[in-house]
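K.L.:
Sequence and predicted structure below; questions after.
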Amino acid sequence: MKKELHISIDRIKCDGHGLCGEILPELIRLDDWGYPIIAPGPIPEQLMPLAQRAMADCPVLAIALRRTERHKPAAG
Amino acid sequence: MSHLRLLAGRDLMAGPEGLNEHHRRLGPLPAGGPELIDLLTRTGLTGRGGASFPLGLKWRSVATHSRGTAVVVANGAEGEPHSKKDRLLMTARPHLILDGAFLAARAVRAKQVVLYVGEDHHAARQSMSMALAERSEEERRLVRTVASPARYVAGDSSAAAHFANAGIATPTSTPPSPHESGVDGAPTLVQNVESLAHAALIARHGETWYRSAGRRGAAGTLLVTMSGGVAGPGVLEIEAGTTIAEAVEMAGGASEPAGAVLVGGYFGSWVNAQQAWELQLDAAALRTRGLSLGCGVIGVLAKRRCGVCETAGIMRYLAAESSAQCGPCFFGLRALADACSRVAERGSNPDDLHRLHRWANEVSGRGACHHPDGAVMFLQSALKTFSDDFTHHPAHWRAQVPGAKRPA
């Protein structure tokens, strides 16, 4: 089975440094306060190296590449 | 016959119902166990804290992860400013909530029950601890009582677990969700106190009884808090499927002509009064209309009040109640509240209207918890329902001049 990954941000860790938006503008744009907005959907194959670089270079390690979930967990 | 279930029995203002009276009226606590989860699933009972999540599914998920280590949190934080139903229930019928919490503990094989009650809800806290003192030692040993801070986000399930663990009532990043890893790292069932009380009655009387209340195809009863422009504001127990018009009638009718209704509280939606009267108060029925029952607050806004100004005030409150952990929520809600306030005070302008729409779309879904999503859903309903007022809102000082409400 093909492995589909998407970009996941830990919103509490994220401090809006904005490096991810510079490394991967194809999938990550920054809002008016410098926090990332992630394009929906899985990471295209050819962007995977850049996505991995964005993850590794985040100063607060707020980025994870997760396998796309089928369903969301229960909310309170 | 009265449809009252949770609020049946003695006068609600006559103080908490004691254990003897509770047993005389309802009989002893049934054994419960894992079968109760199947029963709850069949009734379709949904949570009454705000998210309307099915109890059966949630209990099943915690039970699956439990291995006898789970924790049950009875959530009585009730941080929603206009909601009064949880504290009324805790104050008047504490044993019903304890029954539900102990049944939940047996069903998911929990080793601990946390009573999480808002620190400002003094009568409720006193009533719950008095009731607990009447229970058996075996039950009492399970329980830990925690006073939750009077903040809007404190009622979030991950915030409740965080507070029980570390004394900080802010939401945490998911995954893991509390039902996977919550209090003490154990699978944790965070359940609103009204939901627990319903479970306690369903365990006694069964599915057929549960479905014997309810109108227009809906099942059971629910607590709502009627607030704003009604003659008799306060908590009502109504049959699911009751329309808002009927609920307003039960609350003494509208005190003056109504312009709009806030359905579901601050994380709910504004609906034009004409359309709102027909709406049925039931989680599933509202969802088909794109609305949410939330915590059951029905706020009636008088026609002479300004929807834009009301919305600006509530947005300011919700922005201040951000736990300031996630940038999009902390900065975004504040910017949205500022833009709303500018329209309310200085009058409409295309820039702010454009920003409101753009930011609302951007902020939603970008927090660790659902605080920004709820606030944005509320704002978007205001932009739709009061669309005319947002486009033509006069500056505050101009609004004082008679006849200047809609400048050309």
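P.N.:
Yep, that arrived. Residues are numbered from 1 along each chain as shown, chains lettered A, B, ... in the order given.

K.L.:
What segments of chain A are helices?
P.N.:
Along chain A, counting by DSSP state H, helices occupy A:19-23, A:48-57.

K.L.:
Quick check: which of those helices is nearest to chain B?
P.N.:
Minimum separation from chain B across those (CB to the nearest CB) falls at helix A:19-23, 12.8 Å. Using the backbone N, CA and C atoms, a C-beta is placed for each residue, glycine as well.

K.L.:
Which strands or helices does that closest one pack on?
P.N.:
Counting contacts by 3 or more CB pairs under 8 Å, 6 or more residues apart in numbering or on different chains; DSSP states H and E, helix A:19-23 is packed against strand A:28-30, helix A:48-57.

K.L.:
Go through the ones you listed and pick out the most buried.
P.N.:
Mean neighbour count (mean count of other CB atoms under 10 Å in any protein chain shown) peaks for strand A:28-30 among those, with a mean of 17.

K.L.:
Could you confirm whether any residue of that strand contacts chain B?
P.N.:
No. Using CB under 8 Å from any CB of the partner chain, strand A:28-30 stays clear of chain B, coming no nearer than 9.6 Å.

K.L.:
That strand pairs with which strands, and in what direction?
P.N.:
strand A:36-38 (antiparallel) (DSSP bridges).

K.L.:
Can you tell me the element the residue nearest to residue B:240 when sequence neighbours are not counted falls in?
P.N.:
Distances taken as CB to CB, 6 or more residues apart in numbering or on different chains place residue B:218 nearest to residue B:240, at 3.7 Å, with adjacent residues excluded. Using DSSP states H and E, residue B:218 maps to neither a helix nor a strand.

K.L.:
what's the distance between residue B:218 and residue B:239?
P.N.:
Counting by CB to CB, to the nearest Å, the separation of residue B:218 from residue B:239 is 7 Å.

K.L.:
Low-confidence regions, the chain specifically.
P.N.:
Unless you meant another one, I'm taking chain A. Along chain A, segments meeting pLDDT under 70 span A:1-2, A:69-76.

K.L.:
other chain: chain B
P.N.:
Looking along chain B with the criterion set at pLDDT under 70, you get B:1, B:399-400, B:403-408.

K.L.:
one more time with 80
P.N.:
Applying pLDDT under 80 to chain B flags the ranges B:1, B:396-408.

K.L.:
Count residues in the vicinity of residue 8, would you?
P.N.:
Let's take chain A. By the criterion of other CB atoms under 10 Å in any protein chain shown, residue A:8 has 18 neighbours.

K.L.:
my question was about chain B
P.N.:
15.

K.L.:
for the one 4 residues further on, same thing?
P.N.:
For residue B:12, the tally of surrounding residues (other CB under 10 Å) stands at 16.

K.L.:
now it: how far from chain A?
P.N.:
As for residue B:12, its distance to chain A is 27 Å (criterion: CB to the nearest CB, to the nearest Å).

K.L.:
Identify the residues contacting that residue.
P.N.:
Residue B:12 sits next to B:88, B:92 when contact means CB atoms under 8 Å, 6 or more residues apart in numbering or on different chains.

K.L.:
Three-state assignment for it, please.
P.N.:
Per DSSP: H, G, I helix; E, B strand; the rest coil, the local secondary structure of residue B:12 is coil.

K.L.:
phi, psi of it?
P.N.:
Dihedral pair for residue B:12: phi -70, psi -20, per degrees, to the nearest 10.

K.L.:
Could you measure from it over to residue B:236?
P.N.:
Counting by CB to CB, the gap from residue B:12 to residue B:236 is 11 Å.

K.L.:
Run a quick neighbour tally on residue 33.
P.N.:
Here I'm looking at chain A. 17.

K.L.:
My question was about chain B, not that one.
P.N.:
If you count neighbours by other CB under 10 Å, residue B:33 ends up with 12.

K.L.:
coming back round to it: show me the contacts for the residue nearest to residue B:240.
P.N.:
Residues near residue B:218 by CB under 8 Å, 6+ apart: B:239-241, B:280, B:282, B:284-285.

K.L.:
Quick check: phi and psi at the residue of chain B found nearest chain A.
P.N.:
Here chain B gets closest to chain A at one residue, residue B:157, 2.7 Å apart by CB to the nearest CB. Dihedral angles phi and psi of residue B:157 (degrees, to the nearest 10) take the values phi -60, psi -40.

K.L.:
Find the residue closest to residue 29 in space, skipping its chain neighbours.
P.N.:
Just so you know, I chose chain A. Leaving aside its chain neighbours, residue A:29 sits nearest to residue A:37 (5.2 Å; criterion: CB to CB, 6+ apart).

K.L.:
um, chain B though
P.N.:
residue B:99 (5.2 Å).

K.L.:
swap in residue A:50?
P.N.:
The shortest distance from residue A:50 to any non-neighbouring residue, by CB to CB, 6+ apart, is to residue A:24 (4.9 Å).

K.L.:
now that neighbour: how far from residue A:18?
P.N.:
Taken as CB to CB, the span from residue A:24 to residue A:18 is 11 Å.

K.L.:
ok, those two, which is more surrounded?
P.N.:
Higher neighbour count among residue A:24 and residue A:18: residue A:24, with 24 against 17, using other CB under 10 Å.

K.L.:
Up against chain A, what does the stretch 1-150 of chain B have?
P.N.:
The stretch 1-150 of chain B has residues B:47, B:49-51, B:53, B:57-58, B:61, B:75 near chain A, with proximity defined as CB under 8 Å from any CB.

K.L.:
can you pick the most crowded of those residues?
P.N.:
That'd be residue B:75 among the residues of the stretch 1-150 of chain B next to chain A, by other CB under 10 Å, with 32 neighbours.

K.L.:
Confirm that one sits in a strand?
P.N.:
Yes. Residue B:75 sits within a strand when classified using three-state DSSP.

K.L.:
my guess is it contacts residue B:194, does it?
P.N.:
No. In this structure, residue B:75 is not within contact of residue B:194 by CB atoms under 8 Å, at 9.6 Å.

K.L.:
Hmm, residue B:16 is touching residue B:130, no?
P.N.:
Yes. Shown here, residue B:16 and residue B:130 form a contact pair, counting by CB under 8 Å, at 6.3 Å.

K.L.:
what about the two, which has more around it?
P.N.:
Neighbours per residue, other CB under 10 Å: of residue B:16 and residue B:130, the larger number sits with residue B:16, 22 against 14.

K.L.:
Spell out which residues of the stretch 151-300 of chain B are next to chain A.
P.N.:
B:155-158, B:160, B:172-175, B:177-180, B:190.

K.L.:
Now, of the residues you listed, which are buried?
P.N.:
Buried residues within these, counting neighbours by 16 or more other CB atoms under 10 Å in any protein chain shown: B:155-158, B:160, B:172-174, B:177-180, B:190.

K.L.:
Provide a list of residues in contact with the residue nearest to residue A:50.
P.N.:
By CB under 8 Å, 6+ apart, the neighbours of residue A:24 are A:47, A:50-51, A:53-54.

K.L.:
Show me the residues of the stretch 151-300 of chain B next to chain A that map onto helices.
P.N.:
Among those, the members found in helices (DSSP H) are B:157-158, B:160.

K.L.:
Turn these into CSV, columns for distance to residue B:370.
P.N.:
Output for those, formatted as CSV (distance: CB to CB, whole Å):
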residue, distance to residue B:370
B:157, 10
B:158, 10
B:160, 14
